[in-house]
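**Student:** dropping the sequence and predicted coords here.
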Number of protein chains: 2
Amino acid sequence: MTKIKKTAQIIAYESIRESIINGEFAGGGMKLVEEKLAIKIGVSRTPIRDAIRRLEQEGFINNKKVIKPTETDLRNQFEMRMLIESYAASKAASYMIDDDIAKLKNAIHIARISEDNGEVIKQNKEFHDLIVLESRNPIMIETVNRMQSIIYLFSRAVVLHKRPGLIDEHEEILKAIIERDPEMTSQKMKEHLHSDLEFTLRIIK
Amino acid sequence: MTKIKKTAQIIAYESIRESIINGEFAGGGMKLVEEKLAIKIGVSRTPIRDAIRRLEQEGFINNKKVIKPTETDLRNQFEMRMLIESYAASKAASYMIDDDIAKLKNAIHIARISEDNGEVIKQNKEFHDLIVLESRNPIMIETVNRMQSIIYLFSRAVVLHKRPGLIDEHEEILKAIIERDPEMTSQKMKEHLHSDLEFTLRIIK
DNA sequence: TTATAATATTTTGTATACAATTTTATAAAA
DNA sequence: TTTTATAAAATTGTATACAAAATATTATAA
């Protein structure tokens, strides 16, 4: 068991992050005031500042304000994901071992049988994570994670809707991996993310 | 003219970054102690901490120590660059306007006629930056910049050596762009960065 | 009224003190 | 000697006070 000591910094970071995700700062725009947060969270300004700095670096905050990405921003995030994930997908087609392929199958299966959309979203993330891992490149993994959280964060509306075709597309990607066809896998991944982007834009616009 | 007010934070950041680049912290390993830096730079610990946090996020520092990347780290950085820059290169082949192509030519020209290797390095960066800009994606641009600085930083030895073929390879990339051949441009860029990596590893190992 | 200047208020930046923790040095036991 | 325990020192984390800057408010002139 790993002992995690919750320093004031970590408490502040998690609390503020949570608040952002729950949309408590009025959908962007609203300014984060250090002292108000300090009082609310019950620590001094120092760890609050650390937390804000970190969230700033992670791309959630800009100029003390929660960012509200434009359509262009979203497109850029997705473009970055498409590049990395299609690359990882072709690696997966070449090298992914059976155990991990089984995990992909499982993620698809759970998503199929589950009623609730939250579970579908979760398995979608699992599916993508498994593939990105095949890049075996921590920088790429980290980058995709950043993109994912920001995309997720600012398209919470999307979470409420079931995207048509999502699971079928996963199935196609899986099929291409099983056939050990890197080109096809990469292509299917690109198309899949492209549909995701279009769906997201359609909903939040 | 843009007025920049140098806050203590900025002074601290620049000073520490400079020290890292100049290898003043004994090639990695050495621990950065807040108070010592504070005294040296002449500000309090607060802005020092901010600066360290920032440099940590940018990947120069880890656990209060200047990072010393392993060969694997370098390979990962280059892999990320290859992915983005080859993508940008194909965009350049498709869309780069003549004015910018002229700038590429110019960068090659200056590098060719210059005696001093520092200038060659500078024009090399200029050449790559011009191409990466063609991605028109700030996230990609930012990512490559991060990779570049860290690669540069930790291969200072490389700067002292003239890499054979570097300018010729630029010429080949330029040629492919002029011929409006995205596939070829992308390929040449990959090969070019691959040679860079091999050369870098050869020297610092 | 609108625009401008003066003033008050809020918010952030910085220094500093002290507490908590980590690291290092020292002494005792194997 | 090496290992382990204990004490000392160094370092980081946190709170807080005050100064500097940014922002909002009010008063005054056009």
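**Tutor:** Done, it's in.

**Student:** OK, now which residue of chain A is nearest to chain B?
**Tutor:** A:Q57 (4.1 Å; Cβ to the nearest Cβ). (Each C-beta comes from the backbone N, C-alpha and C, glycine too.)

**Student:** surely that residue and B:D50 touch.
**Tutor:** No - contact criterion Cβ atoms under 8 Å: A:Q57 and B:D50 do not qualify, at 11.5 Å.

**Student:** please identify which of those two sits among more neighbours.
**Tutor:** Remark: of A:Q57 and B:D50, B:D50 carries more neighbours, 19 against 15, as counted by other Cβ atoms under 10 Å in any protein chain shown.

**Student:** secondary structure element for the more buried one?
**Tutor:** helix B:45-57 (DSSP states H and E).

**Student:** pull out the buried positions in that helix.
**Tutor:** B:P47, B:I48, B:R49, B:D50, B:A51, B:I52, B:R53, B:R54, B:L55, B:E56 (16 or more other Cβ atoms under 10 Å in any protein chain shown).

**Student:** who are the contact partners of the fourth one?
**Tutor:** With contacts taken as Cβ atoms under 8 Å, 6 or more residues apart in numbering or on different chains, B:D50 has the following neighbours: A:R49, A:R53, B:Q9, B:A12, B:Y13.

**Student:** show me the residue at the heart of chain A, geometrically.
**Tutor:** A:Q148 (2.2 Å; Cα atoms, centre = their mean).

**Student:** quick one: which helix or strand includes the nearest residue to that one once chain neighbours are set aside?
**Tutor:** Using Cβ to Cβ, 6 or more residues apart in numbering or on different chains and skipping the chain neighbours, the partner closest in space to A:Q148 is A:K125 (7.0 Å). Element membership for A:K125, per DSSP H and E: helix A:117-133.

**Student:** and that helix, what does it pack onto?
**Tutor:** helix A:71-95, helix A:98-113, helix A:138-153, helix A:156-159, helix A:166-178 (3 or more Cβ pairs under 8 Å, 6 or more residues apart in numbering or on different chains; DSSP states H and E).

**Student:** lowest average confidence across the ones you listed, which one?
**Tutor:** Note on the helices and strands packed on helix A:117-133: helix A:156-159 shows the lowest mean pLDDT, a mean of 72.

**Student:** give me every residue that touches the residue of chain A found nearest DNA strand C.
**Tutor:** Residue nearest to DNA strand C within chain A (Cβ to the nearest atom of the strand): A:E34, separated by 3.7 Å. By Cβ under 8 Å, 6+ apart, A:E34 lies in contact with A:R45, A:I48, A:R49, A:I52.

**Student:** contacting residues for the second one?
**Tutor:** Each residue near A:I48 by Cβ under 8 Å, 6+ apart is listed here: A:A12, A:I16, A:E34, A:L37, A:A38, A:I41.

**Student:** pretty sure A:D100 is touching A:D129, no?
**Tutor:** No - using Cβ under 8 Å, A:D100 is not in contact with A:D129; the gap is 10.9 Å.

**Student:** which neighbours do these two have in common?
**Tutor:** Counting by Cβ under 8 Å, 6+ apart, nothing touches both A:D100 and A:D129.

**Student:** now check stretch A:52-63, is it near DNA strand D?
**Tutor:** No - residues of stretch A:52-63 contacting DNA strand D under Cβ under 7 Å from any atom of the strand: none, with a closest distance of 8.4 Å.

**Student:** ends of that stretch, how far apart?
**Tutor:** Using Cα to Cα, to the nearest Å, one end of stretch A:52-63 lies 10 Å from the other.

**Student:** what is the mean pLDDT for that stretch?
**Tutor:** Rounded mean pLDDT across stretch A:52-63 is 91.

**Student:** is that stretch in proximity to DNA strand C?
**Tutor:** No - Stretch A:52-63 is not in contact with DNA strand C by Cβ under 7 Å from any atom of the strand; minimum separation 8.3 Å.

**Student:** circling back: tell me which of the helices and strands packed on helix A:117-133 sits most buried.
**Tutor:** helix A:71-95 (a mean of 21; mean count of other Cβ atoms under 10 Å in any protein chain shown).

**Student:** so that helix versus helix A:98-113, what angle?
**Tutor:** 130 degrees (axes from the mean of the first three to the mean of the last three Cα atoms, to 10 degrees).

**Student:** tell me what helix A:71-95 is packed against?
**Tutor:** helix A:117-133, helix A:138-153, helix A:166-178, helix A:182-204, helix B:71-95, helix B:138-153.

**Student:** again, only using 6 Å
**Tutor:** Counting contacts by 3 or more Cβ pairs under 6 Å, 6 or more residues apart in numbering or on different chains; DSSP states H and E, helix A:71-95 is packed against helix A:117-133, helix A:138-153, helix A:182-204.

**Student:** so which bits of chain A are right by DNA strand D?
**Tutor:** Close to DNA strand D, as judged by Cβ under 7 Å from any atom of the strand, chain A has residues A:T7, A:A8, A:Q9, A:V43, A:S44, A:R45, A:T46, A:P47, A:D50.

**Student:** can you pull the pLDDT of the second one?
**Tutor:** The predicted structure scores A:A8 at 94 on the pLDDT scale.

**Student:** A:I41 contacts A:S15, correct?
**Tutor:** Yes - look at A:I41 against A:S15 with Cβ atoms under 6 Å: they come within range, at 5.0 Å.

**Student:** quick one: contacts for A:V43?
**Tutor:** Taking Cβ atoms under 6 Å, 6 or more residues apart in numbering or on different chains, we find A:V43 in contact with A:A8, A:A12.

**Student:** list phi and psi for it.
**Tutor:** In terms of degrees, to the nearest 10, the main-chain angles of A:V43 are phi -130, psi 180.

**Student:** kindly provide the distance from it to A:R17.
**Tutor:** 15 Å (Cβ to Cβ, to the nearest Å).
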